[in-house]
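> Quick one: sequence plus predicted model below, questions after.
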Amino acid sequence: MVARERREAGAASGPTAVASSDALIVVRNFTKDYVMGDFTVNALRGVSLEIGRAEFVAVMGPSGSGKSTFMHLIGCLDRPTTGDYLIDGVNVASLDADERAEIRNNKIGFVFQGFNLLARTSALENVELPLAYAGVPTRERRERSEAALEAVGLSDRAGHLPNQLSGGQQQRVAIARALVSGAPLLLADEPTGNLDSKTSDEVMGILVRMNEERGITIVLVTHEMDIAEYASRVVVFRDGKIETDRLNQNRRRPAGMPPVAAVPVVQTKARA
Amino acid sequence: MTFFGLVRIAVRAFSRHRLRALLTALGIIIGVGAFVTMVAIGRGASEKVNSQIASMGTNMLVVFGGSSNMGGARGGMGSSASSLTDSDADAIRTTCDTVKYAAPMINSQAQIVWNGSNWASSITGTTPEYLAIRSWNVQRGAFFGQRDVEAGNKVCVLGQTVVDQVFGGDDPIGQFIRVRTLSCQVLGVMARKGQNQMGQDQDDVVLMPLNTVRRKLFNMGGAAASSVSRILLSANSASDTKRASAQVEALLRQRHHTVEGDPEAPSVRDLTEFAEMAQETTRTMTLLLAGIAAVSLVVGGIGIMNIMLVSVTERTREIGIRMAVGAKGKHVLVQFLLEAILLTLAGGLVGMGLGTGAAKLFSDIMEWPTELGWQSYSIGFSFSMVVGVVFGFYPAWRASRLDPIEALRYE
Ligand SMILES: Nc1ncnc2c1ncn2[C@@H]1O[C@H](COP(=O)(O)OP(=O)(O)OP(=O)(O)O)[C@@H](O)[C@H]1O
Ligand SMILES: [Mg+2]
């Protein structure tokens, strides 16, 4: 079941350190400005958030409210204009480009709306990619990638190229790629945005299962309420700020999964 | 990423744009091919010059007579009349300690007839020392001796071309040939020597004793009976040629009562200088050819850089995906650098093959010797590698410096 170890993180991270917490993600006062010639877009204007281990957070909000910007920042793909960020106890602000690449490699799995698989590269090889950059030996890489594909129900498509797969299958390959390195955090920016509702439910089923069986923390951006209902917590953005942050009391269950039994939720502290 | 994995990515990228990869590599193919061919031609030329120099003679100097005013000597002998005499050769041999051999000689043209075959050849009258100076061997039979020279015996030794033209498959030794009106017995046949630097066939010659030519063939009398057109000298060693030249010149001035710069004075020409000049020329030519090839390699390299920059731009999204799953700058750098190197190396290998073929073709068609050495292959190979690294580095570096999120957003 879910790992619940407490970690003393952040306490020793220097003057900007965030308070010690068992949270996987601690974000303090994120701002992000895009300077475009004469004017500046304030995509994020002070976002603070903690996300605990094994939480399943849906991020919602109107278009342009800064959801993707926020996801890129916590995914270490981009750097905030100001603010502090701790992931798994590591202060990201102090890391250089290579160290951030390592964080992306072994702590974060990213699932995009547009799948972002390598073209002309088999499903298996796409899944192997993070392991290749981690320097995992070929044999182990293959075994782990096959297992990841099996976990998303695509063992029989390992040799297929992305353009030989349906959208739902491609997104499952992307999820397998996000899972394969054993990263504790999975970030998904509108993963079902390009999928029909039945396929969306299948994909959500996989995410819920990974969240519950493996204790993987999931942060998912969506525009659809019925997708957000799979999450244990819903954060709503507006104009670059968090508007509401609430627990989801009646979570939706994917078809074919038992109703919420003793699903543990690692509760974070009260939110502002 | 394993090396093999990177190679696979590269091959996949090439197979996507086969024609483009080929066109890109073409610059390198032509560059390396040109390099291999040019060096082969240049080396062939210098090899040719070297063997020609060797065939000329050892440490050879030539004494030419000044324009002669000795009455009557010109008759019948044309340009071969000169102020030089046998005794000049003897004096040089005895007084100049830097000179090892001295062979007076006289040259002319004559018709040769044997058993109905006719051939116009060059006639050289000389002494046995001629062999040592020109480092030329008798292949079959014997050369004439000093006794034959003094007595003016009617004997001769033939060059290979004369044998081929006059005797065909028959054995010339012991046969009597007619040279102009004179019947001579063939004593021997010289080894083949090939062309000299002027492209003359050195084997198209009949060698005869000096006096036989002067007295019997051309019926020269009086002062002309001891006149020679040239004296071939051999210095003791290569380093002695300059000193020998000075010594001989001084001796001849004294003997001929001439002063320095007098056009009537006999002149000494140091052929080793000529050889050095020829070698210098071919060296320059080889360098020039290699330089042209190197320029085309650089042009090829610029082509590589251009296409790699295009490729990096086209694959920005791929780079973004790789970075999103954990590729570091160095991974991307190595990937694109390896692609450039593989492209240039493949081009280099093809170029070496084509260059070899072109060199062979060239030597077949132009009848020009070419020398393909492992050096030009290894230089061609390392050159294409270096071109790949140098011109592939900037695009690869640009790729590695991309911002992950910008790269992912790239349309
Ligand atoms: N690279 C960029 N350069 C300039 N402005 C940007 C850039 N990326 C985002 N923005 C701006 O930042 C704001 C937030 O964008 P973001 O993509 O985070 O919104 P979003 O909530 O994900 O919207 P959507 O629901 O449409 O995906 C927008 O006003 C957008 O125009
Ligand atoms: Mg978005």
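That came through, no problem. Numbering: from 1, shown residues only, chains lettered A, B, ... in the order given. Ligands and ions are numbered 1, 2, ... in the order given.
> tell me the phi and psi of the residue nearest to A:Asn29 when sequence neighbours are not counted?
Leaving aside its chain neighbours, A:Asn29 sits nearest to A:Gly83 (4.5 Å; criterion: Cβ to Cβ, 6 or more residues apart in numbering or on different chains). Yep, even glycine has a C-beta here, placed from its N, CA and C like the rest. Dihedral pair for A:Gly83: phi 120, psi 160, per degrees, to the nearest 10.
> for the one 4 residues further on, same thing?
In terms of degrees, to the nearest 10, the main-chain angles of A:Ile87 are phi -120, psi 120.
> What distance do you get for it to B:Val389?
Taking Cβ to Cβ, to the nearest Å as the measure, A:Ile87 and B:Val389 are separated by 38 Å.
> Who has more neighbours out of these two?
A:Ile87 (23 against 15; other Cβ atoms under 10 Å in any protein chain shown).
> How about the contacts made by that one?
Contacts here follow Cβ atoms under 8 Å, 6 or more residues apart in numbering or on different chains; on that basis A:Ile87 touches A:Leu24, A:Ile25, A:Ile74, A:Cys76, A:Ile103, A:Lys107, A:Ile108, A:Leu185.
> pLDDT score assigned to it?
Per-residue pLDDT puts A:Ile87 at 95.
> any idea which helix or strand carries B:Val157?
Assigning secondary structure by DSSP states H and E places B:Val157 in strand B:155-158.
> same deal with A:Ala43?
strand A:39-52.
> Show me what that strand pairs with in its sheet, parallel or antiparallel.
Strand A:39-52 has its sheet partners listed here by DSSP bridges as strand A:23-36 (antiparallel).
> and the partner strand, which residues are buried?
A:Ala23, A:Leu24, A:Ile25, A:Val26, A:Val27, A:Arg28, A:Asn29, A:Phe30, A:Thr31, A:Lys32 (16 or more other Cβ atoms under 10 Å in any protein chain shown).
> With stretch B:126-140 instead?
Applying 16+ other Cβ under 10 Å to stretch B:126-140 flags B:Thr126, B:Thr127, B:Pro128, B:Glu129, B:Tyr130, B:Leu131, B:Ile133, B:Arg134, B:Trp136 as buried.
> do stretch B:6-25 as well
B:Leu6, B:Ile9, B:Ala10, B:Ala13, B:Phe14, B:Ala21, B:Thr24, B:Ala25.
> What about the buried residues of stretch B:126-140, which are in helices?
Within the buried residues of stretch B:126-140, residues falling in helices by DSSP state H are B:Glu129, B:Tyr130, B:Leu131, B:Ile133.
> closest to ligand 1 among those?
Using Cβ to the nearest ligand atom, B:Ile133 comes nearest to ligand 1 of these, at 87.4 Å.
> quick one, what contacts the closest residue to B:Gln202 other than its chain neighbours?
Distances taken as Cβ to Cβ, 6+ apart place B:Lys193 nearest to B:Gln202, at 4.3 Å, with adjacent residues excluded. Neighbouring residues of B:Lys193 by Cβ under 8 Å, 6+ apart: B:Ser55, B:Trp136, B:Gly159, B:Gln160, B:Gln202, B:Asp203.
> one more time with 6 Å
Contacts for B:Lys193 (Cβ atoms under 6 Å, 6 or more residues apart in numbering or on different chains) come out as B:Ser55, B:Gln202, B:Asp203.
> would you turn those residues into TSV with pLDDT and neighbour count?
Output for those, formatted as TSV (pLDDT from 0 to 100; neighbours: other Cβ atoms under 10 Å in any protein chain shown):
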residue	pLDDT	neighbour count
B:Ser55	74	17
B:Gln202	89	21
B:Asp203	93	20
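> closest to ligand 1 among those?
B:Ser55 (77.9 Å).
> what's the helix or strand harbouring B:Ala407 packed up against?
Secondary structure from DSSP H and E places B:Ala407 in helix B:404-409. In terms of contacts (3 or more Cβ pairs under 6 Å, 6 or more residues apart in numbering or on different chains; DSSP states H and E), helix B:404-409 is packed against helix B:316-324.
> just how off-centre is the helix it packs on within its chain?
57 Å (Cα atoms, centre = their mean, to the nearest Å).
> in it, what counts as buried?
Those would be B:Thr316, B:Arg317, B:Glu318, B:Ile319, B:Gly320, B:Ile321, B:Arg322, B:Met323, B:Ala324, for helix B:316-324 by 16+ other Cβ under 10 Å.
> What ranges does the stretch 101-250 of chain B have for its helices?
Secondary structure of the stretch 101-250 of chain B, counting by DSSP state H, counting those that start in this stretch: helices at B:129-133, B:146-151, B:160-162, B:210-211, B:241-256.
> Of these, flag the one that's most buried.
helix B:210-211 (a mean of 24; mean count of other Cβ atoms under 10 Å in any protein chain shown).
> Distance from that one to the middle of the chain?
Centre-to-centre, helix B:210-211 and its host chain are 34 Å apart (Cα atoms, centre = their mean).
> I'd like the average pLDDT over that helix.
92.
> what residues does the strand holding B:Val157 touch?
With Cβ under 6 Å, 6+ apart as the criterion, strand B:155-158 contacts B:143-144, B:148, B:172, B:184-189, B:206-208.
> switch the cut-off to 7 Å
Strand B:155-158 is contacted from outside by B:138, B:143-144, B:148, B:172, B:179, B:184-190, B:206-209, using Cβ atoms under 7 Å, 6 or more residues apart in numbering or on different chains.
> Please name the residues that touch residue 43.
All of this refers to chain A. A:Lys32, A:Tyr34, A:Gly66, A:Thr69, A:Gly240.
> please go with chain B instead
B:Arg43 touches B:Thr286, B:Glu371, B:Gly373, counting by Cβ under 7 Å, 6+ apart.
> what would these look like in a markdown table with secondary structure, pLDDT and neighbour count?
Output for these, formatted as a markdown table (DSSP: H, G, I helix; E, B strand; the rest coil; pLDDT from 0 to 100; neighbours: other Cβ atoms under 10 Å in any protein chain shown):
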| residue | secondary structure | pLDDT | neighbour count |
| --- | --- | --- | --- |
| B:Thr286 | helix | 80 | 19 |
| B:Glu371 | coil | 83 | 18 |
| B:Gly373 | coil | 81 | 12 |
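> Name the nearest residue to the closest residue to ligand 1 within the stretch 301-411 of chain B, sequence neighbours excluded.
When scored by Cβ to the nearest ligand atom, the stretch 301-411 of chain B has B:Arg409 as its residue closest to ligand 1, at 6.5 Å. Excluding the flanking residues, the one nearest B:Arg409 by Cβ to Cβ, 6+ apart is B:Gly320, at 7.5 Å.
> Could you double-check that the one you found sits in contact with B:Glu411?
No. Using Cβ atoms under 7 Å, B:Gly320 makes no contact with B:Glu411, being 11.3 Å away.
> So what's the predicted local confidence for B:Gly76?
On pLDDT, B:Gly76 comes in at 42.
> Now do the host helix or strand of B:Glu280 against helix B:241-256, angle only.
Assigned by DSSP H and E, B:Glu280 falls within helix B:271-314. On the basis of axes from the mean of the first three to the mean of the last three Cα atoms, to 10 degrees, helix B:271-314 is oriented at 150 degrees to helix B:241-256.
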